[in-house]
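In: My questions are about this predicted structure, shown below with the sequence.
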Amino acid sequence: MPRRRPHVAGSAAQSELAAALAELREALELPDGFPAEVLAEAEAAASATPPPAVDRRDLEFVTIDPAGSRDLDQAMHLARRPGGYAVRYAIADVPGFVRAGGAVDLEARGRGQTLYAADGRVPLHPPVLSEDRASLLPGVDRSAYLWSFDLDDAGAVRTTRLERAIVRSRTQFAYDEAQARIDDGTAEGSLALLREIGDLRLGQERARGGASLNVPDEEIVRTPDGGYALERRRLLPVEDWNAQLSLMTGMAAAELMLAARVGILRTMPPPSPDEIAAFRRQTEALGRPWPEAVGYGEYLRELPRDEPASLAILQAAGGLFRGAGYEAMDGSTPADPVQSALAAPYAHVTAPLRRLVDRWGLVVCEALSAGREVPQWARDSLGELPSLMGTSSRRAAQLDAASVARVEAAVLSDRIGDRFPATVLRVRNGSAVIQLVEPAVTASVPAGPDARPGGTLTVVLEHADIRAGTVRFSAG
């Protein structure tokens with residue numbers, strides 16, 4: 001889906017918005033830079049880390065990331081083999097640069113993950129590592145955790161191996177560029193195979209009953225003059241295909257850790273029978289009933305994404321899968337290790353530059369793959385990770401929601417009294433949650449007698465407070 005023209009906050013609102021975003025940073029106590037001892041340790045590690053013994057610079061790896069990214073966690077090499085495909089997936093060797101118990105490690109444990117504020121990122125690791133020495137940038141040798149998969153001709157994994165190796169990425173693609181090359185037939189090498197393997201992996205997802213919602217995102221973007229705007233976009237197909245390689249790797253990691261009864265999983269409980277029944281009734285009320293014979297994921301994939309009823313169904317579907325968290329293991333396994341939206345056990349191991357828990361997952365899996373004991377530091381600290389990641393995830397969600405709310409108010413601040421068409425997403429306790437057709441703002445209004453999920457109505461903007469991040473609408 002092509003990007004729509006961004007909805008830009010007016011010039012009078014931009015300075016107030018900048019102040020509101022700065023206040024938000026302070027309120028959430030976001031770190032500003034790194035302590036001197038953390039920077040010094042990172043600089044020393046960047047220049048002193050020895051390379052692994054295995055050399056795989058013969059493989060022509062490529063990366064696919066958002067335009068302008070420098071914290072490149074993953075690189076891929078895809079090839080055909082007799083009876084299927086060979087997939088090599090290289091992950092940044094963050095454990096090779098971060099000493100357990102050192103200053104960089106302790107600072108990262110306090111942060112949990114890279115935070116994406118509207119007015120700039122708050123990185124997990126110092127840039128000398130996350131954007132340079134540990135990043136899988138093109139044209140330079142890098143140590144990596146190299147996952148090697150043999151797939152059959154249906155895309156199912158037949159063998160898995162993990163080792164540390166030296167790799168070299170040849171090209172860094174932005175998503176838009178990669179999609180364009182695949183679409184016009186100019187893609188070569190790994191990029192030329194990505195659609196084929198990605199589609200097969202999506203077929204594997206359908207077969208096991210997993211679901212990918214792929215709901216259009218509301219994003220904050222920077223304008224050329226340094227201001228802020230809202231933009232709605234749906235993931236490009238290449239992003240789905242790329243994500244399937246990451247999901248495949250996370251599922252392989254979970255299998256390794258479950259077999260050894262040590263590690264950390266990303267879990268999510270399944271919806272209850274009552275929740276499933278209620279969702280099924282909602283689909284019937286919205287005129288798109290979910291047939292008993294059709295799997296949940298398949299049903300969602302077939303919904304026309306731009307219809308009002310579909311928006312309401314996807315909103316309700318997102319509420320089915322809640323309670324995602326992490327479960328550490330050492331000697332026993334969870335009663336239900338499955339990440340229910342994926343319909344498989346799963347672990348986070350593909351983004352160590354940006355997410356703390358992945359460093360443990362990689363270290364544990366590499367030791368298990370090599371038949372060695374898991375390092376004691378990793379084993380001793382597994383139990384800390386669910387709490388650390390839970391705290392970090394809550395802060396990230398709060399930052400994201402509050403940032404979007406302030407930009408929404410700024411974009412609408414000069415339109416008081418204007419009327420907007422909107423789709424009703426849900427109705428509860430006398431209030432209707434709506435999404436404006438344009439701009440893609442989500443808000444609440446008092447629910448009138450005609451408000452129903454999937455329906456449309458016209459609303460009037462009465463108030464927009466940039467500093468508080470609030471807007472108020474009434475039925476028009």
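Out: That came in fine, so what should we check first?

In: buried set for the longest helix anywhere in the chain?
Out: Secondary structure of the chain per DSSP state H: the longest helix is helix 385-412. Residues 385-386, 388-389, 392-393, 395-396, 399, 402-412 are the ones in helix 385-412 that count as buried (16 or more other CB atoms under 10 Å). (Glycine included, C-beta is placed from N, CA and C.)

In: The helix or strand following it vs helix 385-412, what angle?
Out: Under the assignment DSSP states H and E, the closest C-terminal helix or strand after helix 385-412 is strand 419-428. Calculated by axes from the mean of the first three to the mean of the last three CA atoms, to 10 degrees, strand 419-428 forms an angle of 150 degrees with helix 385-412.

In: So what touches strand 419-428?
Out: Applying CB atoms under 8 Å, 6 or more residues apart in numbering, the set of residues contacting strand 419-428 from outside is 308, 311-312, 315-316, 432-438, 442, 447, 451-461, 473, 476.

In: List buried residues within those.
Out: Neighbour-count burial (16+ other CB under 10 Å) applied to the contacts of strand 419-428 gives 308, 311-312, 315-316, 432-436, 442, 447, 451-455, 457, 459, 461, 473.

In: Mind checking which of these are in strands?
Out: Counting by DSSP state E, the part of the buried ones among the contacts of strand 419-428 found in strands is 432-436, 442, 457, 459, 461, 473.

In: Let me know the closest of the residues you listed to Val104.
Out: Within these, proximity to Val104 (CB to CB) peaks at Thr442, which comes in at 38.3 Å.

In: about what we covered before: using TSV, please lay out the ones in strands among the buried ones among the contacts of strand 419-428 together with pLDDT.
Out: As requested, these are exported to TSV (pLDDT from 0 to 100):
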residue	pLDDT
Ala432	89
Val433	88
Ile434	88
Gln435	85
Leu436	88
Thr442	87
Leu457	89
Val459	94
Leu461	96
Phe473	94
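
In: out of these, which one sits closest to Trp360?
Out: Of all these, Trp360 sits closest to Thr442, with 35.4 Å by CB to CB.

In: Thought Val459 was touching the closest one, still the case?
Out: No: in terms of CB atoms under 8 Å, Thr442 does not count as a neighbour of Val459; the distance is 11.8 Å.

In: what's the domain layout of the protein?
Out: Domain ranges of the chain: 7-269+323-409, 273-318, 415-475, per automatic domain parsing.

In: quick one: which of the ones you listed has the weakest pLDDT on average?
Out: Note on the domains of the chain: lowest mean pLDDT is at domain 273-318, with a mean of 83.

In: any idea which helix or strand carries the residue nearest the centre of the chain?
Out: Residue closest to the mean C-alpha point of the chain, counted by CA atoms, centre = their mean, is Ala243 at 9.0 Å. In this assignment (DSSP H and E), Ala243 forms part of helix 237-260.

In: That helix: which residues count as buried?
Out: Result for helix 237-260 [16+ other CB under 10 Å]: buried residues 237-258, 260.

In: what does stretch 17-33 rub up against?
Out: For stretch 17-33, contacts defined as CB under 8 Å, 6+ apart pick out 9, 111, 115, 117-119, 122, 227-228, 395, 398-399, 402-403, 406-407, 410, 466-467, 469.

In: helix or strand right after the helix holding Ala243?
Out: Toward the C-terminal end, the helix or strand that comes next after helix 237-260 (DSSP H and E) is strand 262-267.

In: Give the other helices and strands that that following strand contacts.
Out: Counting contacts by 3 or more CB pairs under 8 Å, 6 or more residues apart in numbering; DSSP states H and E, strand 262-267 is packed against helix 237-260, strand 325-330, strand 338-339, helix 357-370.

In: The longest one to helix 357-370, inter-axis angle?
Out: It refers to helix 237-260. Helix 237-260 runs at 60 degrees relative to helix 357-370, counting by the same axes, to 10 degrees.

In: List the contacts of Thr456.
Out: Applying CB under 8 Å, 6+ apart, one finds that Thr456 lies in contact with 308, 421-424.

In: repeat that with 6 Å
Out: 308, 423 (CB atoms under 6 Å, 6 or more residues apart in numbering).

In: so how far is Asp132 from it?
Out: In this view, Thr456 and Asp132 are 50 Å apart by CB to CB, to the nearest Å.

In: can I assume Leu256 is in contact with Ala370?
Out: No: counting by CB atoms under 6 Å, Leu256 sits too far from Ala370 to count as a contact (11.0 Å).
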